[in-house]
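K.L.:
This is a predicted model, with the sequence first.
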Amino acid sequence: MQEKITKGDFIELEFTGKTKSGEIFDTNIKEEAEKINLNIETRPLIICIGQNMILQAIDEFLIGKEIGEYKLELTPEKAFGKRNKELVKMMPLSVFIKHNIKPEPGLLFSFDGILGKILTSGSRILVDFNNPLADKEIIYELRIKRKVINQEEKVKSLILFYFKKELDFEIKDKTLIINSKEPDKRLIELFSSKFKEILNLELEVKEIEEKKG
C-alpha cells in the first residue's frame, strides 16, 4: 500500500484544467498545451501541499491521496467564483490613451495587476474585471507523479514559486544560503520564516558583488 499524501509533503504534479464543455484553459503538460497554442516550459511542477502553491480546492483535494491519476470537478464557488456585476466598470478613454492601449471590444488587458476584458468602446469604456472563468464549472485532471524527497528539489520549487526565477543556493547543515544581488537580497530575506516553517532551514542571503568593467 502506498503512503498517502499529507500536508507539508512535496509532490510532482501534472494537471490539465478544462471547462465543463471540454475547453482546456490551463495545463503543464506539453502535449495538452500545444492544443491551445500555449507555450510552456517543460520543467516539472513541484508543490508543497498546504502552502497555497496551487488552487486551494486542488490543494485540499490532494491530501490523503496516493500516487496516481484523479479527476476533480469544481463548482464556480470552489473554482474561480461567481460573476460579480460590481466588477463591470465604466472607465474613461484617457486611461487607455495614457497606457498606449487602443480599446477594442474583446481585448484583454492588465490594469493595476487585474485582468480586464473590454466590452464596449467609445468615449467611455465598459470593462469586465471578472475572472474569464467566473460562473463556470471546472474539471481538473490530475496526476501525482511522485513524492519529492530531495531537499534541493524542494528548495528549488520554493524559490521558483516565491521569486519567479532560479537562484544560486547551497545547503549547509540546517542553513540555506542563497546568493543574490541587491535589491533582491532584501526581498528574499522577507521569506526567511517560510523556509524555516516549511523546510526547517535557517535562511542566509549572501549579496553578490556586481562585476565592474
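P.N.:
Good, I have the coordinates.
K.L.:
what residues are up against the nearest residue to Asp9 once chain neighbours are set aside?
P.N.:
Excluding the flanking residues, the one nearest Asp9 by C-beta to C-beta, 6 or more residues apart in numbering is Ile49, at 5.0 Å. Where you see a C-beta, it was placed from the backbone N, CA and C, and this is true even at glycine. Taking C-beta atoms under 8 Å, 6 or more residues apart in numbering, we find Ile49 in contact with Ile5, Thr6, Lys7, Gly8, Asp9, Phe10, Ile11, Asp59, Leu62, Ile63.
K.L.:
Can you flag the buried ones in those residues?
P.N.:
Ile5, Asp9, Phe10, Ile11, Asp59, Leu62 (16 or more other C-beta atoms under 10 Å).
K.L.:
In strands, which of these fall?
P.N.:
Under the assignment DSSP state E, these contribute Phe10, Ile11 to strands.
K.L.:
Remind me what the strand or helix carrying Leu126 packs against, helices and strands.
P.N.:
Using DSSP states H and E, Leu126 sits within strand 124-128. With contacts taken as 3 or more C-beta pairs under 8 Å, 6 or more residues apart in numbering; DSSP states H and E, strand 124-128 sits against strand 88-92, helix 93-98, strand 114-120.
K.L.:
hmm, 6 Å instead?
P.N.:
Strand 124-128 sits against strand 88-92, strand 114-120, with contacts defined as 3 or more C-beta pairs under 6 Å, 6 or more residues apart in numbering; DSSP states H and E.
K.L.:
Save the buried ones among the contacts of Ile49 as a markdown table, and put in pLDDT too.
P.N.:
Putting those into a markdown table (pLDDT from 0 to 100) gives the following:
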| residue | pLDDT |
| --- | --- |
| Ile5 | 97 |
| Asp9 | 98 |
| Phe10 | 98 |
| Ile11 | 98 |
| Asp59 | 97 |
| Leu62 | 97 |
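K.L.:
if we can go back for a sec, how about the helix or strand following the strand holding Leu126: buried residues?
P.N.:
Counting by DSSP H and E, the next helix or strand C-terminal to strand 124-128 is strand 138-148. For strand 138-148, the neighbour count (16+ other C-beta under 10 Å) marks Ile138, Ile139, Tyr140, Glu141, Leu142, Ile144, Val148 as buried.
K.L.:
Tell me the one of those residues nearest Gly22?
P.N.:
Ile139 (8.4 Å; C-beta to C-beta).
K.L.:
Farthest pair within the buried ones among the contacts of Ile49?
P.N.:
The widest separation within those (C-beta to C-beta) is 12.7 Å, between Phe10 and Asp59.
K.L.:
Thanks a lot, see you next time.
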